[in-house]
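1. sequence unknown, structure follows:
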């Protein structure tokens, strides 16, 4: 399976990302951009999007990007900085802006944006297993 097709396969098997309304906007080996609309049921007690919403979108872009290299890649550490609050109706995107791969470990930076405004910055580290995506089909 070509690397840029792997995220589409992953999304087809990911019920949670589908429930979130996440869509793949662009994808190539080493880069994936995803987007979604924040919904009312995603609001917290302060009527702002729960922090897990931008985190989930960024984590999805991170996972998709890491797996475009053709081997199963699983996260071993992630973190996020929330910069701006999100509201119901906001359309946000997450794009891996850095994909640095070593033999078994990969490092990614993901920017979450509302339009051109940076609203969160995510960092992730993955472990790349020996299992190839072709073996899972």
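-> Alright, I've got the coordinates. All values derive from a computational prediction rather than experimental measurement.
2. how about the strands of the protein, start to end?
-> Counting by DSSP state E, residue ranges of the strands within the chain are 23-28, 31-37, 71-82, 91-101, 105-114, 117-132.
3. helices or strands up against the first one?
-> Packed against strand 23-28 by the contact rule (3 or more CB pairs under 8 Å, 6 or more residues apart in numbering; DSSP states H and E) you find helix 6-12, strand 31-37. Quick note: C-beta positions are derived from backbone N, CA and C, even for glycine.
4. Just the residues contacting that strand, thanks.
-> Contact with strand 23-28 is made by 3-4, 7-8, 11, 32-36, 64, 68, 93, 95, as judged by CB atoms under 8 Å, 6 or more residues apart in numbering.
5. Who does the helix or strand of the chain with the lowest mean pLDDT pair with, and is each partner parallel or antiparallel?
-> When the helices and strands of the chain are scored by mean pLDDT, DSSP states H and E, strand 91-101 comes last with a mean of 94. Strand 91-101 pairs in its sheet with strand 31-37 (antiparallel), strand 105-114 (antiparallel), by DSSP bridges.
6. tell me the angle of the longest one relative to strand 117-132?
-> Regarding strand 105-114 and strand 117-132, their directions subtend 150 degrees when assessed with axes from the mean of the first three to the mean of the last three CA atoms, to 10 degrees.
7. for strand 105-114, the distance to its chain's centre please.
-> 8 Å (CA atoms, centre = their mean, to the nearest Å).
8. Repeat that for stretch 45-62.
-> Using CA atoms, centre = their mean, the mean C-alpha position of stretch 45-62 is found 11 Å from that of the whole chain.
9. Would you indicate which residues of that stretch are buried?
-> Buried residues in stretch 45-62, counted by 16 or more other CB atoms under 10 Å: 48-50, 53-62.
10. Would you mind measuring the gap between the ends of stretch 84-94?
-> End-to-end distance of stretch 84-94: 14 Å, with CA to CA, to the nearest Å as the criterion.
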